[in-house]
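Student: need a 3D model of the sequence below.
(chains A, B, C and D)
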There are 2 protein chains.
Amino acid sequence: MAEADPLQRVPLFDLLKERDRRRLAGEVVETRYRKGEYIFREGDPAEYFHILKEGAVKCVKSSTSGKECTLKVLMPGDLFCCEAAVFDGAPHPGSAEPLCDVSILRVSKKSYFAMLRRNPDAALEVIKYLGKRLNEAQENAKILALDRADQRLASLLVKLAERVGVREPNGLRLAVRLTRQDLANMVGITVETAIRIMSRFKRAKLVSGGAKQIVIRDLTGLKHLAVDPLAVRH
Amino acid sequence: MAEADPLQRVPLFDLLKERDRRRLAGEVVETRYRKGEYIFREGDPAEYFHILKEGAVKCVKSSTSGKECTLKVLMPGDLFCCEAAVFDGAPHPGSAEPLCDVSILRVSKKSYFAMLRRNPDAALEVIKYLGKRLNEAQENAKILALDRADQRLASLLVKLAERVGVREPNGLRLAVRLTRQDLANMVGITVETAIRIMSRFKRAKLVSGGAKQIVIRDLTGLKHLAVDPLAVRH
DNA sequence: TCGGGAGTATGATTTTGATCATAGCATGAG
DNA sequence: CTCATGCTATGATCAAAATCATACTCCCGA
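Tutor: Predicted structure coming up:
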């Protein structure tokens, strides 16, 4: 906590009255994690509320058979485990793993709830944020339930391009490093299927690049494909 | 609004200070719908916040190709379209259809937000409710992404049994009327597949009954199946 | 610059579930 | 009672994606 008011520019906290922000600042702990570590694991007790300050984090759930599913990639400003922070004593329903070196802010559930009770605007902000997340999750469920593998992957790439795409001469570069395995885990398919479809997308000049760097070369084409039940041939 | 304080026993509203509850009561409209009507449709402007008072409602999303997916069956006390109520001017991301004759309470977004701003306890309650719903939605996404058709159906039946199961001599009867098509829409499979799997479940004495009435005869067996990657044979 | 490991690529085979087709059953309105 | 209609049932066929197997390629560090 080197700066005078480290929470001033953090989403959610920026809404607090200055007095409350200062009060809370003393209770916020900043921690750094590197790729490969866990921020928390499925089943751990959920005692803190988190905000991602820097880097990218994936939320993962796994099934008994060892298969994994990535629910969401969080970016700076995202709140996480608001959903878990909510239950008294219930464990984390999923794990949080850094996709690169990250920095997160952590507050105890108790201080978090006390803060919300004192700051109706912040509470409304959290309500809006959760509403948005619930919406996303339901949209996602629809896609998983109704769409084919290639459509799901196309939808994912569109979503990623819009969230973390960086303009570049030949398209939008995704600012997070994701392997085919990562992509597969996000849409409920196997690596092999993800690789085959990505190869098809490359041939169709929709995307380019590998694990280090994915570039979206034809966003409109992908959007089309996500909606249209016609596969890209060959 | 015949009764003195119609909101006293309604979830969420029961938390309000009496003064606020009375104030809000004037703004709450109760409406009845019957099976076959729509409460609202995907794309309609979202101007109200809803609470289900009586009956059962399904939340549905559909894809361009006409296929439908049922996100959730709401029961009395459930808030709905909190997620949509949140966006300024954005349309409903899904439809709400009664599964039987229902009664719903409706408040304008404006009064709803004003009420939450004045009642931090109610706001926290909404946060908890949304957290729970987000959790459910993510659990659901995991199941859709990783599990086979029979496991998904088994999970659904377990969930339904726990939410709307009524004790009976031969098992738990589901208090909502759901056809095989409804079940199929909830887990992203076709009617035919739902029927085949339900037939298998019947043969294995896990369930009984048809569209009028589904009875869960072996909850433990279903729970097992939901988790275990072994199909019920024959 | 060489070797190893992580990630990508691609083929062959099998499994699952969708699709198409037809038939049977039950429930309720008349 | 009886017909109509909405749901369930089941078979045959097809397509999509999982699985298993093997090879390649790129990068990074020693």
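Student: tell me where chain A has strands.
Tutor: In chain A, the strands defined using DSSP state E lie at A:29-33, A:48-54, A:57-62, A:68-74, A:79-80, A:95-98, A:102-108, A:165-168, A:171-174, A:207-208, A:215-216.
Student: would you confirm that A:Thr223 contacts A:Leu157?
Tutor: If you look again at residue A:223, you'll see it is Lys, not Thr. No - contact criterion C-beta atoms under 8 Å: A:Lys223 and A:Leu157 do not qualify, at 9.5 Å. All C-beta atoms are positioned from the backbone trio N, CA, C, and that covers glycine.
Student: mind checking which of these two has more residues around it?
Tutor: Counted by other C-beta atoms under 10 Å in any protein chain shown, A:Lys223 and A:Leu157 do not tie: A:Leu157 has more neighbours, with 27 against 16.
Student: do the top helix by length along chain A and DNA strand D meet at all?
Tutor: Looking across chain A with DSSP state H, the single longest helix is helix A:120-146. No - applying C-beta under 7 Å from any atom of the strand, one finds helix A:120-146 separated from DNA strand D by no less than 10.7 Å.
Student: run a quick neighbour tally on A:Arg217.
Tutor: 18.
Student: typo on my end, it should be A:Pro91
Tutor: Number of residues near A:Pro91 (other C-beta under 10 Å) recorded here: 13.
Student: what's in contact with stretch A:152-172?
Tutor: Stretch A:152-172 has contacts (C-beta atoms under 8 Å, 6 or more residues apart in numbering or on different chains) with A:56, A:73, A:75, A:143-144, A:147, A:173-176, A:178, A:183, A:186-189, A:194, A:197-198, A:201, A:206-208, A:214-219, A:222-223, A:225-226.
Student: how about 7 Å then?
Tutor: Contacts with stretch A:152-172, where a contact means C-beta atoms under 7 Å, 6 or more residues apart in numbering or on different chains, come from A:75, A:143-144, A:147, A:173-176, A:183, A:186-187, A:194, A:197, A:207, A:215-217, A:219, A:222-223, A:225-226.
Student: tell me the average confidence for that stretch?
Tutor: The average of the pLDDT scores along stretch A:152-172 is 95.
Student: not including adjacent chain positions, what is the nearest residue to A:Asp150?
Tutor: Leaving aside its sequence neighbours, A:Asp150 sits nearest to A:Ile197 (C-beta to C-beta, 6 or more residues apart in numbering or on different chains; 5.0 Å).
Student: list the contacts for that neighbour?
Tutor: Residues near A:Ile197 by C-beta under 7 Å, 6+ apart: A:Ala149, A:Asp150, A:Leu153.
Student: buried residues in the longest helix of chain A?
Tutor: A:120, A:122-131, A:133-146 (16 or more other C-beta atoms under 10 Å in any protein chain shown).
Student: near chain B, which residues of chain A?
Tutor: Listed as neighbours of chain B in chain A under the rule C-beta under 7 Å from any C-beta of the partner chain: A:61, A:63-65, A:67, A:69, A:71, A:82-83, A:86, A:93, A:113, A:116-117, A:120, A:123-124, A:126-128, A:130-135, A:137-142, A:144-147, A:188, A:227, A:229.
Student: and the gap between the closest residue to A:Leu183 other than its chain neighbours and A:Lys205?
Tutor: Excluding the flanking residues, the one nearest A:Leu183 by C-beta to C-beta, 6+ apart is A:Ala194, at 5.0 Å. Per C-beta to C-beta, to the nearest Å, A:Ala194 is found 18 Å from A:Lys205.
Student: neighbour-wise, which of the two wins?
Tutor: Between A:Ala194 and A:Lys205, counted using other C-beta under 10 Å, the more crowded position is A:Ala194 (23 against 11).
Student: so which of the contacts of A:Ile197 would you say is closest to chain B?
Tutor: Nearest to chain B among the contacts of A:Ile197 is A:Ala149, at 11.4 Å by C-beta to the nearest C-beta.
Student: ok, and the closest non-adjacent residue to that closest one?
Tutor: A:Ile189 (4.9 Å).
Student: confidence score at that neighbour?
Tutor: A:Ile189 is assigned 98 on the pLDDT scale.
Student: could you check how far it is from B:Leu144?
Tutor: 12 Å.
Student: so the residue nearest to A:Asp150 versus A:Arg203, what's the distance?
Tutor: A:Ile197 is 11 Å from A:Arg203, where distance means C-beta to C-beta.
Student: one more: A:Ile104?
Tutor: In this view, A:Ile104 and A:Arg203 are 40 Å apart by C-beta to C-beta.
Student: so the two - more neighbours on which side?
Tutor: A:Ile104 (24 against 11).
Student: shouldn't the more buried one be in contact with A:Tyr48?
Tutor: No - assessed by C-beta atoms under 7 Å, A:Ile104 is found out of contact with A:Tyr48, at 9.5 Å.
Student: low-scoring pLDDT stretches of chain A, where are they?
Tutor: Low-confidence segments of chain A (pLDDT under 70): A:1-6, A:84-85, A:229-234.
Student: and chain A, which residues reach DNA strand D?
Tutor: Within chain A, the residues that sit near DNA strand D (C-beta under 7 Å from any atom of the strand) are A:Arg148, A:Ala149, A:Asp150, A:Gly188, A:Ile189, A:Thr190, A:Glu192, A:Thr193, A:Gly210, A:Lys212, A:Ala231.
Student: let's see 10 Å
Tutor: A:65, A:67, A:147-153, A:184, A:187-197, A:209-213, A:229-231 (C-beta under 10 Å from any atom of the strand).
Student: what subset of the residues you listed is buried?
Tutor: Buried members of the residues of chain A next to DNA strand D, scored by 16+ other C-beta under 10 Å, are A:67, A:147, A:149-153, A:184, A:187-189, A:193-194, A:197, A:209.
Student: for A:Leu219, which non-adjacent residue is closest in space?
Tutor: A:Ala161 (5.6 Å).
Student: residues near that neighbour, how many?
Tutor: Neighbour tally, A:Ala161, other C-beta under 10 Å: 21.
Student: again with the one 5 residues further on
Tutor: Per other C-beta under 10 Å, the neighbour tally for A:Val166 reads 11.
Student: give me the beta-bridge partners of it?
Tutor: With DSSP bridges applied, A:Val166 shows beta-bridge pairing to A:Arg173.
Student: ok, it to B:Glu168 distance?
Tutor: According to C-beta to C-beta, A:Val166 and B:Glu168 sit 59 Å apart.
Student: got it, and A:Arg152?
Tutor: 40 Å.
Student: A:Ala149 now?
Tutor: 42 Å.
Student: likewise A:Cys82?
Tutor: Counting by C-beta to C-beta, the gap from A:Cys82 to B:Glu168 is 39 Å.
Student: could you do A:Ile189 as well?
Tutor: For A:Ile189, the distance to B:Glu168 equals 41 Å [C-beta to C-beta].
Student: can I get stretch A:119-132 in PDB? Just the C-alpha atoms.
Tutor: C-alpha atoms of stretch A:119-132 as PDB (Å, rounded to 0.1, in the frame of the first residue of the first chain):
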ATOM      1  CA  ASN A 119     -22.700   2.300   0.600                       C
ATOM      2  CA  PRO A 120     -25.900   1.600  -1.300                       C
ATOM      3  CA  ASP A 121     -24.400   2.800  -4.500                       C
ATOM      4  CA  ALA A 122     -21.700   0.300  -4.300                       C
ATOM      5  CA  ALA A 123     -24.300  -2.400  -3.500                       C
ATOM      6  CA  LEU A 124     -26.300  -1.400  -6.500                       C
ATOM      7  CA  GLU A 125     -23.100  -1.600  -8.600                       C
ATOM      8  CA  VAL A 126     -22.500  -5.100  -7.400                       C
ATOM      9  CA  ILE A 127     -26.100  -6.000  -8.200                       C
ATOM     10  CA  LYS A 128     -25.600  -4.700 -11.700                       C
ATOM     11  CA  TYR A 129     -22.300  -6.500 -12.100                       C
ATOM     12  CA  LEU A 130     -23.800  -9.800 -10.900                       C
ATOM     13  CA  GLY A 131     -26.800  -9.300 -13.200                       C
ATOM     14  CA  LYS A 132     -24.400  -8.900 -16.100                       C
END
